[in-house]
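Chemist: got a predicted model here, sequence first, then my questions.
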Amino acid sequence: MNVLDPWIPRPMRVTSVIAETPGVFTLELDPGGDFAFAPGQFNMLYQHGVGEVPISISGDPAVASRLVHTIRAVGRVTQPMATLAAGDIVGVRGPYGTPWPLDAVRGRDLLFIAGGLGLAPLRPAIVRALAQRGDYGRVTVLYGARTPAEMLYRGELERWRGRFDCRVEVTVDRAGRDWYGPVGVVTRLLDDVRIDADDAVFVCGPEVMMRFVARELAHRGLGDQALWVSLERSMKCGVGLCGHCQLGGTFVCKDGPVYRYDRAAPLLATREL
């Protein structure tokens, strides 16, 4: 990050554009040197003549020479970004934001719960936890997608599932006859998961999904202080100056996007906040 002027993007070359699912692609960038970030942080990506957008970093934090972002092409900035190709230049500001508290929960069981594109912000945390496997107890990943065709990182999910030291469960909202896994919302997967009061749970997905997950975990005896969520709503400048992402008395880009749920719950429960 440019410490002297956080508004100046750093130019980076696109090395590849990977189609993940319909309307979702992964942009891999060459930072031109080491680019350190913590799992859960985000960058501001700038395309010349188009604009700028906040995107979570979704790559391996141990690989500082490659910067990865998974993006849904839905807006006036992200749709043109889907047309980028290897060799094109993208401006990058960051990294910004608070990370998943992996260091603070060493020794505890980890439960990752993702819905849809929410797997992308969680991916660096999962990768780091598996790389430092001896620092944690049980590691469980629960993932829900709308359909099998909309599942992110299918190959990586299979690799994680193939490990003897990680449990991965996947469900979809609806599927055809070629799907042999569970069908239903991601909270249904909690019925078959052991949950203890001292577990650490990281959740990312649509806000309604995160609220339902928190409610189900509370019914199983897990307090809000054991749960962290990533909010990532309405961020625009990345440094807390424009006020676009203000949520009550907090700025998501500066104080988040990762919040412990006992702090986030009152904000999410307030209508039109």
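Modeler: Looks like it arrived, so ask away.
Chemist: which strand of this structure spans the most residues?
Modeler: Identified as the longest strand of the chain according to DSSP state E is strand 10-21.
Chemist: hmm, Leu142 and Met209 touching each other?
Modeler: No - using Cβ atoms under 8 Å, Met209 makes no contact with Leu142, being 11.3 Å away. Just so you know, the C-beta spots here come from the backbone N, C-alpha and C atoms, and that holds for glycine as well.
Chemist: higher neighbour count, these two?
Modeler: Higher neighbour count among Met209 and Leu142: Leu142, with 24 against 21, using other Cβ atoms under 10 Å.
Chemist: give me the below-cutoff pLDDT ranges for the stretch 1-150 of the chain.
Modeler: 1-6 (pLDDT under 70).
Chemist: residues contacting Asp178?
Modeler: Pro148 (Cβ atoms under 8 Å, 6 or more residues apart in numbering).
Chemist: parallel or antiparallel, list what pairs with the longest strand of the chain.
Modeler: Taking DSSP bridges as the criterion, strand 10-21 forms sheet pairs with strand 24-30 (antiparallel), strand 89-96 (antiparallel).
Chemist: please report phi then psi for Val208.
Modeler: Per-residue torsions, Val208: phi -70, psi -40 (degrees, to the nearest 10).
Chemist: which neighbours do Met209 and Leu142 have in common?
Modeler: Val186.
Chemist: mind putting the strands paired with strand 10-21 into CSV with mean neighbour count and distance to Leu222?
Modeler: Below are those laid out as CSV (neighbours: other Cβ atoms under 10 Å; distance: least, Cβ to Cβ, whole Å):
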stretch, mean neighbour count, distance to Leu222
strand 24-30, 20, 30
strand 89-96, 20, 29
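Chemist: right, so of those, which gets closest to His48?
Modeler: Between His48 and those, the shortest gap by Cβ to Cβ is with strand 89-96, which sits at 7.3 Å.
Chemist: other residues contacting the closest one?
Modeler: By Cβ under 8 Å, 6+ apart, strand 89-96 touches 1-2, 6-14, 27, 29, 31, 35-38, 41-48, 52, 54, 57, 67, 81, 84, 238-239, 253-254.
Chemist: ok, of these, which come out buried?
Modeler: 1, 6, 9-10, 12, 14, 27, 29, 31, 35, 37-38, 41-47, 52, 54, 57, 67, 81, 84, 238-239, 253-254 (16 or more other Cβ atoms under 10 Å).
Chemist: do you know the pLDDT at the residue of the chain most remote from its centre?
Modeler: Relative to the C-alpha centroid of the chain, counting by Cα atoms, centre = their mean, Arg177 is the outermost residue, at 29.9 Å. Arg177 carries a pLDDT value of 87.
Chemist: Pro124: what's it in contact with?
Modeler: Per Cβ under 8 Å, 6+ apart, neighbours of Pro124: Phe37, Pro39, Gly40, Ile57, Ser58, Gly59, Asp60, Pro61, Trp100.
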